[in-house]
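In: Kindly return the folded structure for what I paste below:
(one chain, ligands or ions: 1)
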Amino acid sequence: MSADSRLLVVDDEPDLRTLYEMTLLREGFALDSAGTVEDALALLDSKRYDAVITDMRLPDGTGLDVLRWLEQRGRSERAIVITAYGSPENAVEALKAGAYDYLTKPVDLRQFRMVVASALGRVPRPESSASTMAARAPSPGSAGGPAPFPATGAVSAASPSSAASAVPASPSSPASPASQPSYASASASATAPAPTMFGNRPLSPAPLASPPPHESDAPTVTPMGAAMVEASRKAALPRGRVAAAGPVSALERLVGDSAAMRQVRQLIEKVARSMAPVLLNGESGTGKELVARAIHDVSARRPQPFIAVNCGAIPEQLLEAEFFGYRKGAFTGATEDREGFFQAAQGGTLFLDEIGDLPLAMQSKLLRALQERSVRPVGAVAEMPVNVRLLSATHKDLAAEVMAGRFRQDLYYRLNVIQIRVPPLRERMEDLAPISARVLERIATDAGVEPVPQLTAQGLAALGRYSFPGNVRELENLLHRALALSGGETIDVADLDLPEALLEAEEVPEAVTDTADLAQGVPLPAEALGQAPLPSDLATYLDEVEKRLLLRALEHYRNNRTAAGASLGLSLRQMRYRMARLGISLGADDN
Ligand SMILES: Nc1ncnc2c1ncn2[C@@H]1O[C@H](COP(=O)(O)OP(=O)(O)OP(=O)(O)O)[C@@H](O)[C@H]1O
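Out: Numbers count the residues shown, from 1 in each chain. Below is the predicted model of the structure:
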């Protein structure tokens, strides 16, 4: 590593400063150091650095003062904050204040090197044998074949890039059934024409464009289970370049210019700059995974893998092996070493979808992996360092899950450093037309249909009356079917085949009256209940039904809670209580 990167180290303890300096000088960096906030700011004022490493507690202030100074001036230095052991709130505060990453005291020098390298978008220099830190340091130079767990525990031999090089070059080469990943399916990444590899398990090649929604939703079920992993290898691009020539990035695929989507896009750009964990919250099909991919695409991790895991689909007894990998002989059937999700995502992003479905025992193991930044494969003696950015998503109210004792508070705290809510489609119906147009274009192109059929005005109006409980995914499915049915250059109401029962009545008062009936216990038509798929989580499902009914009533009565509540047979107090429970806020109108 050359001295073209200049770093500033801020710590008031001379011994620690020397330790950090020695470590960084050995990496080939140019360095300055300071012992106080004042000295640090004076240095920052006089020159630019690539990264700043600062202790949290300083004699004349805190590391946050340095962060704020950098933030206020829009400076490009990446900041790493060193916090005291046992003060996760400091770490969270630092990440929220714009730190790239944090380290906890006593600082593990292996992690230190890894975090600094990651902040600079580099791979740490291999350790010399004389180094005291060499024991478990990653050694990129050792990258070779696809053997997933070299005896040294080095991560690089199992790193995606080396693994990828072991895959046949042709994207059409099928994976042999024997080596088929247990839960792998090809990525929907539009930027990933290259073949993918999941650990030592070759994945099917990523297609050039998203498969039809019904296909992408279907996990590849193999003898081991029904969970779904999606891995994508992004084409290596110059840092900071968002748009790839040809296939579009996830950020570009995220259509919609509603205020809500603009805000989501802004947040994506912002959080992509750091390592802060992000929790994506939203109903099924709203685009949480697409947002996660967009964060990865915009970040410096883009050339590295993006691994998406559906936590809810993995059998409980396989969770640990799937997350952390296992060693040959660790249990019956473990005939070879295998990587887990963490190793597969090395250097990149791990997206844990439906995180709320993880059982408590696995939550503890995940928390430990996040704290230690290392994982121990089942049956292995040594830990392996991992450099993975974690994004997670849920449709559940995780805070309520914590209250109910079903989700660990400390894990929630770690995952929820930054929260992005992806709103349901019905709350941003202005996005309907552009999303429909884009989806139609994609589906038609995939199917080789030319010219791309257009939605008629009546078709669009009919879609506008539909409430889309399945959100954008449902819209995609609907348009997919419509395209097949229409066979012409336009898609009209009849082609959409919208379920009449689920269309919002044009006369909203009637709809609210129906709602009142439901609230008073009038049963739903037997056909509607009989046909609906059984919910896997009844409480959440009923909450969602209740929320939608409340929102409809509120919309009809222009946010007048008394009137909306009365139409549902509820007092204002009951209405307030239910709104608070379901997280419905009217903003300033709440008071
Ligand atoms: N704003 C959008 N513009 C275009 N396509 C979108 C948008 N949002 C979502 N999609 C598409 O809708 C489908 C569902 O999105 P995605 O899988 O990201 O949803 P999700 O919230 O993660 O769903 P689940 O919670 O069920 O996993 C995907 O094919 C995605 O590409």
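In: Report how many residues lie close to the residue of the stretch 201-350 of the chain found nearest the ligand.
Out: Per C-beta to the nearest ligand atom, residue 287 is where the stretch 201-350 of the chain lies closest to the ligand, at 2.6 Å. C-betas here are computed from N, CA, C, even on glycine. Residues near residue 287, counting by other C-beta atoms under 10 Å, number 25.
In: Show the contacting residues for it.
Out: Listed by C-beta atoms under 8 Å, 6 or more residues apart in numbering, the contact set of residue 287 reads 254, 422, 471, 472.
In: Out of these, the closest to the ligand would be?
Out: Proximity of those to the ligand (C-beta to the nearest ligand atom) peaks at residue 472, which lies at 3.6 Å.
In: thinking that closest one is in contact with residue 432, fair?
Out: No - between residue 472 and residue 432 there is no contact under C-beta atoms under 8 Å: 9.6 Å.
In: higher neighbour count, those two?
Out: Comparing residue 472 with residue 432 by other C-beta under 10 Å, the one with more neighbours is residue 472, at 24 against 21.
In: contacting residues for the more buried one?
Out: 285, 286, 287, 425, 435, 439.
In: what's the closest of those to residue 310?
Out: Distance to residue 310 across these (C-beta to C-beta) is lowest for residue 285, with 13.5 Å.
In: Per-residue pLDDT of residue 82, please?
Out: You'll see residue 82 listed with a pLDDT of 93.
In: Confirm for me that it is in contact with residue 101.
Out: No - look at residue 82 against residue 101 with C-beta under 8 Å: they stay out of range, at 10.3 Å.
In: list residues touching both of these two?
Out: Counting by C-beta under 8 Å, 6+ apart, nothing touches both residue 82 and residue 101.
In: Report the separation between the closest residue to residue 488 other than its chain neighbours and the ligand.
Out: Excluding the flanking residues, the one nearest residue 488 by C-beta to C-beta, 6 or more residues apart in numbering is residue 453, at 6.7 Å. Distance check for residue 453 against the ligand: by C-beta to the nearest ligand atom, to the nearest Å, it reads 18 Å.
In: what about residue 453, how many neighbours?
Out: Around residue 453 there are 23 residues (other C-beta under 10 Å).
In: tell me the contacts of residue 387?
Out: Neighbour list for residue 387: 114, 115, 118, 155, 346, 347, 373 [criterion: C-beta under 8 Å, 6+ apart].
In: Out of those residues, which comes closest to residue 74?
Out: For those, the nearest to residue 74 is residue 118 (22.0 Å; C-beta to C-beta).
In: Show me what secondary structure element comes after the lengthiest helix in the chain.
Out: Counting residues, the longest helix found in the chain (DSSP state H) is helix 538-556. Using DSSP states H and E, the helix or strand that directly follows helix 538-556 along the chain is helix 561-567.
In: Counting by contacts, list what that next one packs against.
Out: Packed against helix 561-567 by the contact rule (3 or more C-beta pairs under 8 Å, 6 or more residues apart in numbering; DSSP states H and E) you find helix 508-519, helix 538-556, helix 572-581.
In: As CSV, those with mean pLDDT, distance to residue 264 and mean neighbour count would be great.
Out: What follows is the helices and strands packed on helix 561-567, written out as CSV (pLDDT from 0 to 100; distance: least, C-beta to C-beta, whole Å; neighbours: other C-beta atoms under 10 Å):
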stretch, mean pLDDT, distance to residue 264, mean neighbour count
helix 508-519, 33, 28, 16
helix 538-556, 84, 19, 17
helix 572-581, 82, 23, 15
